[in-house]
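Engineer: 3D model of this:
(2 chains)
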Amino acid sequence: MKADMKKAWPHAKLMGAELVSFDPASSTIRMNFCAPDSFITPRGSVQGGLVAGFLDEAMGWAYTHSTGGKQSPLMLDVNFSLLKPVPQGALVGTGRVVKAGRRVLFLEAELHNTDGTLLARATSTAIPTINPRIAQ
Amino acid sequence: MPEAPIFTKRRSPSAELMGSEFVSFDPETNTATVRYTPPPSFASQRGAVQGGLIGGFLDEVMGTALLAATDGKLLPLNLDCNMSFCKLVPLETITATGRVVKLGRRIAFLEGELHDKDGNLLARATSTAMPTEVPGQRA
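Structural biologist: A predicted model of the protein is given here:
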């Protein structure tokens, strides 16, 4: 699964996305990421907007896993807060399905560095769609 | 020959990655226009830019607007950013506009939009940020 995630989608490869674990009881996923050099700004940290890439990935996979891979979220709104600069290198993402309705999903995600410091958080409103991989 | 203003040039690995190309800045409305070309590595399983990464373009163009509005002195340190995705963002050149809504001493309010080549609105964002000195520009 780990290798599969990176092989299948360019954006997941770019961000070094790897599944760590998924807890079905809480619909919570843990993922590892690696912020690439190309995401860095003159401040020496990841460009703020691109931080949303990691958060989106964690939230999206939480929902996809909670449906056994059948569905993917199509994000409508993403709101995120940047608490601390995000460094280049290893990052830990947590994504959770807050509520999955028939027509609307509410998702949330957090991004931590490897010593557990909270760097960023996000919430998203999305609609469920058939996983494009299945649809093809 | 005077050096080109900093905001007209590619200035970071992230701007480089997104194929940033400065178009114009209108000082009357504090609005910057920049073209971006998403790299193939931004593609999701839908064949469009992964939603979160759309934030990269919006952040970049809002930053360009503040930088241009302050004669290259200040860049935003984003605190909160709210984005709406109206249409899938294709892997082709898109036009972004960023505007300084209000620049205070401690906080700046910014907004950004992305349009495709036919003028369709793809995504929009608002951001609350702290204006900070451009790194490496301190006298």
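
Engineer: For the residue sitting furthest away from the middle of chain A, which three-state class applies?
Structural biologist: Using CA atoms, centre = their mean, the residue of chain A lying farthest from its centre is A:Pro42. It sits 24.6 Å away. Assigned with DSSP: H, G, I helix; E, B strand; the rest coil, A:Pro42 falls in the coil class.

Engineer: wouldn't it be in contact with B:Val134 here?
Structural biologist: Yes - in this structure, A:Pro42 is within contact of B:Val134 by CB atoms under 8 Å, at 6.9 Å. Placement of C-beta: from N, CA and C, glycine included.

Engineer: coming back round to it: can you pull the pLDDT of the residue farthest from the centre of chain A?
Structural biologist: On the pLDDT scale, A:Pro42 is placed at 85.

Engineer: which ones are touching the closest residue in space to it that isn't next to it in sequence?
Structural biologist: Leaving aside its chain neighbours, A:Pro42 sits nearest to B:Pro135 (4.4 Å; criterion: CB to CB, 6 or more residues apart in numbering or on different chains). For B:Pro135, the contacting residues are A:Pro42, A:Arg43, A:Gly44, B:Leu75, by CB atoms under 8 Å, 6 or more residues apart in numbering or on different chains.

Engineer: Kindly indicate which of these lies nearest B:Leu103.
Structural biologist: Nearest to B:Leu103 out of the contacts of B:Pro135 is B:Leu75 (CB to CB; 12.1 Å).

Engineer: now check the host helix or strand of the closest one, is it near chain A?
Structural biologist: Using DSSP states H and E, B:Leu75 falls within strand B:74-85. Yes - for strand B:74-85 and chain A, the contact criterion (CB under 8 Å from any CB of the partner chain) is met by B:Leu75, B:Leu77, B:Asn78, B:Leu79, B:Asp80, B:Cys81, B:Asn82, B:Met83, B:Ser84, B:Phe85.

Engineer: So what touches that strand?
Structural biologist: Here strand B:74-85 makes contact (CB under 8 Å, 6+ apart) with A:42-43, A:48-49, A:52, A:75-82, B:51, B:54-55, B:58-59, B:62-63, B:66-67, B:108, B:110, B:122-135.

Engineer: Which of those fall in helices?
Structural biologist: A:Gly48, A:Gly49, A:Ala52, B:Gly51, B:Ile54, B:Gly55, B:Leu58, B:Asp59, B:Met62, B:Gly63, B:Leu66, B:Leu67 (DSSP state H).

Engineer: measure the first one to chain B for me?
Structural biologist: Yep, that's A:Gly48 we're talking about. 4 Å (CB to the nearest CB, to the nearest Å).

Engineer: If we ignore the residues flanking it in sequence, what's nearest that residue?
Structural biologist: B:Asn78 (3.8 Å).

Engineer: Which strand residues bridge the one you found?
Structural biologist: On the basis of DSSP bridges, B:Asn78 is bridged to B:Ala129.
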